[in-house]
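In: Okay, here's the prediction I keep looking at, along with the sequence it came from:
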Amino acid sequence: MRLSMKIPLPLAVLLLIALQLAGFAKAQPTAAAVGDALNITMASAIPVLLKNISTFSGARTFYASPFVMYASRGFPVVLGASSTPHAVVAAAQLDSGSRVVAFGHESMVTGCCSTGDAIDKLAVNAFNWLSGSQPGRTSLKIATLSSSYSTALTAIGKAVASMLKITVTTSVLTVDKFATAAGTSLPDIYWIDSYTTYTAAQVTALLSFANKTGRGLIVTGHAWYWSYSHDENPLTGHPVNAVLWPLGLGLTTDYDSGYQEPSYTAKNSSRWLFYNANYTLCRVVEAARGVRALESTMYGPASECLNQLLTILPGQYSPALPATASNKPFQPLWDFLFQAKNASAPAVGPNKPFTVKGAHPSMLLEPAIDAAITRNGDITNLKPSKSAPLYPGMPFPNTSKPSPDPITLTINTTYTGVMMGMPMSGSGDQVWRSTGLYAPAGAIVNVTVEAKGVGKGLLVQVGAHTDWLDSKDVWYRVPRAVASWKINSAIMSVGSPLGGLIFIVVPKGLMATVGSLQITIRGALRAPYYKHNVTAAAEWANTIRYYPAPWAELDNGKIVLMVPSAAIRNMTDPAPLMEHWAKVMDGMAWLSNMSPDRPRAERFLVDADISAGWMHNGYPIMAYDDPGVWQELLNVTYVKKAGAWGPFHELGHNHQWSDMQFSGTGESFNNLFSVYTEMEVLGFTSTQIHSSATPTARAAARKKYLSSGAKWSTDWNVWVALDTYLQLQEGFGWSFYRNVFAAYQKATTSPTNAVQTWIQVTSKVANRNLVPFYSAWGFPVSQATKDAVSTLPAWTANPMTKIAKSG
């Protein structure tokens, strides 16, 4: 990928310029008008774009970013292979007569024309279709902004010349030179990418070019990698969308690999119309107004289209722009969405789940719009979500009012980051600082910050439930429940339709410039917040646990338990619980060779639904809001009897060292932390731990694995792998693993072969040649590894030798 070093104007400003230049905020046309134009366009364009392509079987695949299409004549060309596919190649016929084709990965075009597969054909066809914006051409000029694309462009130019029997010239024209070019110095088709940062002048020039008669614009590249280091909305934050969105296309940060087989025909075009968000909205609004009912067979496609749009649509106005009517570029689209929403749609919650598949899109818009407003931190005309009482809940009693007085807090901005080798613990670049306050649903909360904290990367966050549930088939809550705002001014307002606990999010490395920071908050409710060894027992028992907010936090500096307040109302003294969790966390720190004084406390949160599994690792660790989970988190008596394998398992994930991991370890190595905690902290025997980890269960799994041929590459995982790890523990003690962690933590480079490195490191830590042990388990062992440990003493107590002898 090629990145420009230019420093652009703020993207929100660029987008506003682009939208105004394109005249985007027009009166909405009728569905019939949009549909007719789309059908005519697709019927003529898709046969050209898919010429000589009957299948994508065997074609090269890439992780391509899908597109949202909002242009009145914007349509999908190729759909991704997922179960709810979106366009990974999209196109638009503009009012000017010019055309645009966008590919969600640059290699779809830069690889041309190496193999002659369907993707090569598609690339050539795209340039062919773009050339057709000017009938009767005898010559064609194609240019690209980068010399790195010139080889592919030359090949494409030759193919197009042969196909059209015209003269084709190709060249490299940097975007700087393009912006000042005019007349005959402009190409007929210009190829840009999603990796260049465009200035305002360049955006203006590109849009002016696209809106001339008879031009073609091709755009290549994805945005998913960009999203790893950018938390901005892709429509207002990603540079290429300042060009694409005014032309009616939007590059998203999702990805899809593979392709649906070509399926468009004039007979099934009605389904394809619903990939276009403009048409879809027109139809849903017409249905809401009683003009024309929406066919039930189109509920799913319409809902998928609108849900995709809402996951990237910015708020009604950008905080980067003055809040005036002319500076709300997305307001017309939001107004259209509000018209499409069914006011009688039910609230969504754990006991009133919303089934996405088959739902009328106007019903879906109720929770989906709440999710989008929350995600954007949009406080324009903020109102409570009708779903908020169901989840995350309302204050108790529900007549509770925010504190009438401002509440001033001192925020600790010291944070050095988690150890780099523990990526499964979630983003290590930030820590949530609890405020003990809660933003009521639909209420504005005002925040005042000391000047030294402004513009330093700090955030105000409302809500803790960070899992994105948009793609799930059933919603047990509004699918986005967290809003955040950069602290870029000393006085700011925040709020969410759902409400939520208020946090100050601190990036690492601020202490030297910020230090302790005073923040004043007005309009918030107090939440039950217990800080171990700080909160007075009597104050907790008599006052704090009864604070009205529906969510509570129990914090011992090593882990923060985030649970519904109902779960702690009867807890008179959290100290014993916090001591229990301190021992658990210190034990895990010892095993992983960490300091018990963690750079940040782990967080454990329960939720009505989560993105994956029964629980999953991260920051915060997520689990279902279920009485059984409450027991494992909050009831020490229960845990000392029954254990808490699930929470310990997820905490183990957060302690996994990335360089120790290889095939089969992902769901096994972390179980060492569960075993260690239950046996060494809780005092369980080996027969009291998880039923699949007892000596009897291990022996049975081992026998089955070995009798099946010790197929390491396919069968060595989870319980079988845990048995291997526990044999090493039984041979060398728990300190063996602490020392293995230490050895990896001292390494200055990552291993080129994780398996061979593991065998060598563990052999050296044990001071034994472990090659026979690993070989018995079916591990692949290289000659280099055998040589590296050949001088170490043999492991005479190797349990696998005894097992082999016993048959």
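Out: Here it is on my side, so go on.
In: hey, where'd the strands end up in the stretch 151-300 of the chain?
Out: Counting by DSSP state E, counting those that start in this stretch, the stretch 151-300 of the chain has strands at residues 167-172, 189-193, 216-220, 249-251, 256-257.
In: Identify whichever of those strands lies nearest to L140.
Out: L140 sits nearest to strand 167-172 of all the strands of the stretch 151-300 of the chain, at 4.7 Å, using C-beta to C-beta. In this view, the C-beta of every residue, glycine as well, is placed from N, C-alpha and C.
In: That closest one vs strand 189-193, what angle?
Out: 30 degrees (axes from the mean of the first three to the mean of the last three C-alpha atoms, to 10 degrees).
In: what's strand 167-172 packed up against?
Out: Judged by 3 or more C-beta pairs under 8 Å, 6 or more residues apart in numbering; DSSP states H and E, strand 167-172 is in contact with strand 139-144, helix 150-164.
In: so of these, which one's packed in deepest?
Out: Ranked by mean neighbour count under mean count of other C-beta atoms under 10 Å, those are led by strand 139-144, which reaches a mean of 21.
In: For it, which strands pair with it and how are they oriented?
Out: strand 167-172 (parallel), strand 189-193 (parallel) (DSSP bridges).
In: For P695, which of those strands is the nearest?
Out: In terms of C-beta to C-beta, the element of the strands paired with strand 139-144 nearest to P695 is strand 189-193, at 58.7 Å.
In: Between the strands of the stretch 151-300 of the chain, which one is closest to A536.
Out: For the strands of the stretch 151-300 of the chain, the distance to A536 is smallest for strand 249-251, at 53.2 Å, taking C-beta to C-beta.
In: Tell me the secondary structure at the residue nearest to T757 when sequence neighbours are not counted.
Out: Nearest residue to T757 in three dimensions, chain neighbours excluded: P751, at 3.6 Å (C-beta to C-beta, 6 or more residues apart in numbering). Following DSSP: H, G, I helix; E, B strand; the rest coil, we place P751 in the coil state.
In: Hmm, P751 is touching Q760, no?
Out: No. Counting by C-beta atoms under 8 Å, P751 stays clear of Q760, with 9.1 Å between them.
In: So which elements touch the longest strand along the chain?
Out: Looking across the chain with DSSP state E, the single longest strand is strand 430-439. Where contact means 3+ C-beta pairs under 8 Å, 6+ apart, strand 430-439 is packed against strand 407-411, strand 459-462, strand 500-507, strand 517-522, strand 525-526, strand 551-555.
In: redo that, cut-off 6 Å
Out: Under the contact definition 3 or more C-beta pairs under 6 Å, 6 or more residues apart in numbering; DSSP states H and E, strand 430-439 sits against strand 500-507.
In: how about the helices of the stretch 201-350 of the chain, start to end?
Out: Assigned by DSSP state H, counting those that start in this stretch, the stretch 201-350 of the chain shows helices spanning 224-227, 234-237, 241-244, 269-273, 277-288, 299-312, 331-340.
In: now this structure, which segments are flagged as low pLDDT?
Out: Scanning the chain for pLDDT under 70 picks out the ranges 1-28, 133, 317-327, 806-807.
In: any idea which residue sits dead centre in it?
Out: Residue closest to the mean C-alpha point of the chain, counted by C-alpha atoms, centre = their mean, is W468 at 7.4 Å.
In: That one belongs to a strand?
Out: No. Going by three-state DSSP, the assignment for W468 is coil, not a strand.
In: Use 745 as the first number from now on
Out: Okay, residue one is now 745; in that scheme the one you just asked about reads as W1212.
In: Identify, out of the helices of the stretch 945-1094 of the chain, the most deeply packed stretch.
Out: Stretch with highest mean neighbour count among the helices of the stretch 945-1094 of the chain: helix 985-988 (a mean of 28; mean count of other C-beta under 10 Å).
In: Please name every helix or strand in contact with it.
Out: helix 755-766, helix 944-954, strand 993-995.
In: and with 10 Å instead?
Out: On a contact count with 3 or more C-beta pairs under 10 Å, 6 or more residues apart in numbering; DSSP states H and E, helix 985-988 meets helix 755-766, strand 811-813, strand 843-847, helix 944-954, strand 960-964, helix 978-981, strand 993-995.
In: Which of P1495 and Q1504 has more residues huddled nearby?
Out: Between P1495 and Q1504, counted using other C-beta atoms under 10 Å, the more crowded position is Q1504 (24 against 16).
In: Can you point out the helix or strand that includes the more buried one?
Out: Using DSSP states H and E, Q1504 sits within helix 1498-1510.
In: now swap in E1411 and tell me
Out: For E1411, there is no host helix or strand (DSSP H and E).
In: How about it, nearest residue that isn't a chain neighbour?
Out: Nearest residue to E1411, sequence neighbours excluded (C-beta to C-beta, 6+ apart): V1462, at 5.2 Å.
In: Give me the phi and psi for that neighbour.
Out: phi 40, psi -110 (degrees, to the nearest 10).
In: Next up, the contacts around it.
Out: Going by C-beta atoms under 10 Å, 6 or more residues apart in numbering, V1462 touches 1408-1412, 1415, 1436, 1445.
In: same thing with A834?
Out: So A834 contacts 810-813, 815, 818-823, 844-848, 963, 988, 992-995, 1019-1020 (C-beta under 10 Å, 6+ apart).
In: Against which helices or strands is the helix of greatest length in the chain packed?
Out: For the chain, the longest helix by residue count, based on DSSP state H, is helix 775-793. The contact analysis (3+ C-beta pairs under 10 Å, 6+ apart) places helix 775-793 against strand 818-823, strand 831-837, strand 843-847, helix 862-875, helix 1013-1017, helix 1021-1032.
In: To W1478, which of these lies closest?
Out: Closest to W1478 of the helices and strands packed on helix 775-793, according to C-beta to C-beta: strand 831-837, at 49.1 Å.
In: Format the strands of the stretch 895-1044 of the chain as TSV; extra columns: distance to Q1500.
Out: Output for the strands of the stretch 895-1044 of the chain, formatted as TSV (distance: least, C-beta to C-beta, whole Å):
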stretch	distance to Q1500
strand 911-916	45
strand 933-937	39
strand 960-964	39
strand 993-995	41
strand 1000-1001	29
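In: Minimum distance to G1390: which of those has it?
Out: G1390 sits nearest to strand 1000-1001 of all the strands of the stretch 895-1044 of the chain, at 31.5 Å, using C-beta to C-beta.
In: what lines up beside that closest one in the sheet?
Out: Within its sheet, and counting by DSSP bridges, strand 1000-1001 is paired with strand 807-808 (antiparallel).
In: Quick one: distance of the strand it pairs with to the chain centre.
Out: Relative to the centre of its chain, strand 807-808 is centred 15 Å away, using C-alpha atoms, centre = their mean, to the nearest Å.
In: how is this protein carved up into domains?
Out: 755-1004, 1045-1120, 1151-1351, 1400-1550 (automatic domain parsing).
In: got JSON lines for the ones you listed, with distance to Q1375 too?
Out: Formatted as JSON lines, those follow (distance: least, C-beta to C-beta, whole Å):
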{"stretch": "domain 755-1004", "distance to Q1375": "36"}
{"stretch": "domain 1045-1120", "distance to Q1375": "18"}
{"stretch": "domain 1151-1351", "distance to Q1375": "10"}
{"stretch": "domain 1400-1550", "distance to Q1375": "14"}
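In: out of those, which comes closest to L1038?
Out: With C-beta to C-beta as the criterion, L1038 lies closest to domain 1045-1120 of those, at 6.7 Å.
In: so who does the nearest residue to R959 once chain neighbours are set aside touch?
Out: Closest residue to R959 in three dimensions, ignoring its sequence neighbours and counting by C-beta to C-beta, 6+ apart: S842, at 4.1 Å. S842 sits next to 836, 874, 877-878, 932-933, 953-961, 991 when contact means C-beta under 10 Å, 6+ apart.
In: just to revisit the earlier point, what are the buried residues along the helix or strand that the longest strand of the chain is followed by?
Out: Per DSSP H and E, the first helix or strand lying C-terminal to strand 1174-1183 is strand 1189-1193. By neighbour count with 16 or more other C-beta atoms under 10 Å, strand 1189-1193 contains the buried residues 1189, 1191, 1193.
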